[in-house]
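Undergrad: predicted coordinates and the sequence they were generated for:
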Amino acid sequence: AGLEVATGVGGTGVVGVLRGERPGRTVAYRADMDAVPPDSQIGGGPDPAHVCGHDLHTTIGVGAAEVLARLRRRLRGEVVFLFQPGEEALTGARAMIDAGVLERTRPAEIHALHCGPFPVGTFAVTPGVGLPGLDRGGVTLTGPDASDRAARLLGAVGALSTVAYPQTSADLERLVRELETPDGPLARFVWMRPGARPTAGGDVEVRVSYRCWPQERVPEIRDELRRVAARFTDAPMLFPADPFPAMVCPPGPGRQVGDYLTARLGRRAVTTMHAAIPFSGEDFALFLRRLPGTFSFLGVRRPGADITTAYPHFGAFDPDERAIGVGVRSMAGWLALRTAAGTATGAPAWNSTSGP
């Protein structure tokens, strides 16, 4: 299609650069490619599977590139397509950034979408919200009663959670309603995942991973975990220097992509998320820490289908593939608009990662 393509970027990443024939800005679009490992699937099988929609994301990225390549003579600026591996492990974005992809292509902003449990033909935009980060802590309990104390520590840590992972279709339906509720029950949350394993020496290692919102709560939650652990052991609970960051979408760009999608698809086809999904993270966070941009959810739920067929990581995930066309057309138009931003025919450019 006339793109300049580089492979093996940050491992198995692929970069395609499409150069328009008119002056404009450079804008990046990221599509993740990897499958979900078995231990991250809910009711899935024994093998890695595309139950998070990354195959759709890749297809949409390729489709948008093909559409814009046909319009090269009218396209302003450049579009950099980043096909990223390793999102599930939260390693792919870092690998591509460390490989110098942003320095080499120098985009002014970056955009992405993700399959979501919304009706096919619709989008959910995320101004000012996004997805939580991930923090981990650990402590080793020693002594003849280490197993008993570890079990009680696990219970005390689990009690700090303010949300529970959805297990049923009704749980998922309620979650979506709460995400769309301004100042609702998910405005602040903590989700704990504690676990323990014995060591060869008879000690017990207790590990905790958790997500919270907002990200600024990490220091207070670490302090609370230290206090809880101190009830069961003299050993300190240890944490990494920094947690994996939350993905926070700038408010201004988020509102602007919402306006664009509303104009294109109609008001009923665009909803706004007012809270972060407690149970998922995104290494797109690392791109948004460097560049302004947007992250939107593409509805993939077919009419009348159970919500588990459209909720990522469930083994029943079976997205309506008509969403691919919606995603291709919408993202191709959005990227063309953003490469023209600041020109006589384009929308305003953004000057900061926070947006207007």
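TA: The structure has been received and is ready for your questions. Residues are numbered from 1 along each chain as shown.

Undergrad: helices along the stretch 201-350 of the chain, start to end?
TA: Using DSSP state H, counting those that start in this stretch, the helices of the stretch 201-350 of the chain run over residues 218-230, 251-265, 284-288, 322-339.

Undergrad: give me the contact list for stretch 303-313.
TA: Stretch 303-313 is contacted from outside by 36, 40-42, 44, 51-53, 114-120, 169, 172-173, 176, 280, 299-302, 314, 316-320, using C-beta atoms under 8 Å, 6 or more residues apart in numbering. For the C-beta atoms, the positions are set from N, CA and C on the backbone; glycine is no exception.

Undergrad: show me the residues you listed that map onto strands.
TA: 114-119, 299-301 (DSSP state E).

Undergrad: tell me which two in these are the farthest apart.
TA: Within these, two members stand farthest from each other by C-beta to C-beta: 114 and 119, at 15.5 Å.

Undergrad: show me which of the two is the more surrounded one.
TA: residue 114 (24 against 17; other C-beta atoms under 10 Å).

Undergrad: dump the residue contacts of the residue lying closest to that one once chain neighbours are set aside.
TA: Closest residue to residue 114 apart from its sequence neighbours, by C-beta to C-beta, 6 or more residues apart in numbering: residue 297 at 5.6 Å. Residues near residue 297 by C-beta under 8 Å, 6+ apart: 113-116, 118, 123-126, 273.

Undergrad: and stretch 149-156, C-alpha only, in CSV?
TA: Presented in CSV, the C-alpha positions along stretch 149-156 are these (Å, rounded to 0.1, in the frame of the first residue of the first chain):
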residue,chain,number,x,y,z
ARG,A,149,-0.4,-16.4,59.6
ALA,A,150,0.0,-16.2,55.8
ALA,A,151,-3.6,-17.4,55.4
ARG,A,152,-4.9,-14.7,57.8
LEU,A,153,-2.7,-12.1,56.1
LEU,A,154,-4.3,-13.0,52.7
GLY,A,155,-7.7,-12.5,54.2
ALA,A,156,-6.8,-9.2,55.7
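
Undergrad: what's it in contact with?
TA: Under the criterion C-beta under 8 Å, 6+ apart, residues 139, 141, 143, 194-196, 204, 206, 228-229, 231-233 lie in contact with stretch 149-156.

Undergrad: go ahead and build a PyMOL selection from the buried members of these.
TA: Burial among the contacts of stretch 149-156 is assessed by 16 or more other C-beta atoms under 10 Å; the matching PyMOL selection reads:
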select buried, resi 139+141+194+196+204+206+228+229+232+233
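
Undergrad: just put the contacts of stretch 149-156 in a markdown table and tack on distance to residue 104 and pLDDT.
TA: Shown next, in a markdown table, are those (distance: C-beta to C-beta, whole Å; pLDDT from 0 to 100):
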| residue | distance to residue 104 | pLDDT |
| --- | --- | --- |
| 139 | 43 | 99 |
| 141 | 48 | 98 |
| 143 | 55 | 95 |
| 194 | 42 | 98 |
| 195 | 40 | 98 |
| 196 | 45 | 97 |
| 204 | 48 | 98 |
| 206 | 43 | 98 |
| 228 | 46 | 99 |
| 229 | 45 | 98 |
| 231 | 51 | 98 |
| 232 | 50 | 98 |
| 233 | 49 | 98 |
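
Undergrad: from the contacts of stretch 149-156, which land in strands?
TA: Going by DSSP E, the strands hold 139, 141, 194-196, 204, 206 from the contacts of stretch 149-156.

Undergrad: beta partners of the residue nearest to residue 114?
TA: Note on residue 297: beta-bridge partners by DSSP bridges are residue 114, residue 124.

Undergrad: do residue 19 as well
TA: Note on residue 19: beta-bridge partners by DSSP bridges are residue 78.

Undergrad: could you tell me how far it is located from residue 70?
TA: Going from residue 19 to residue 70 by C-beta to C-beta, to the nearest Å gives 14 Å.
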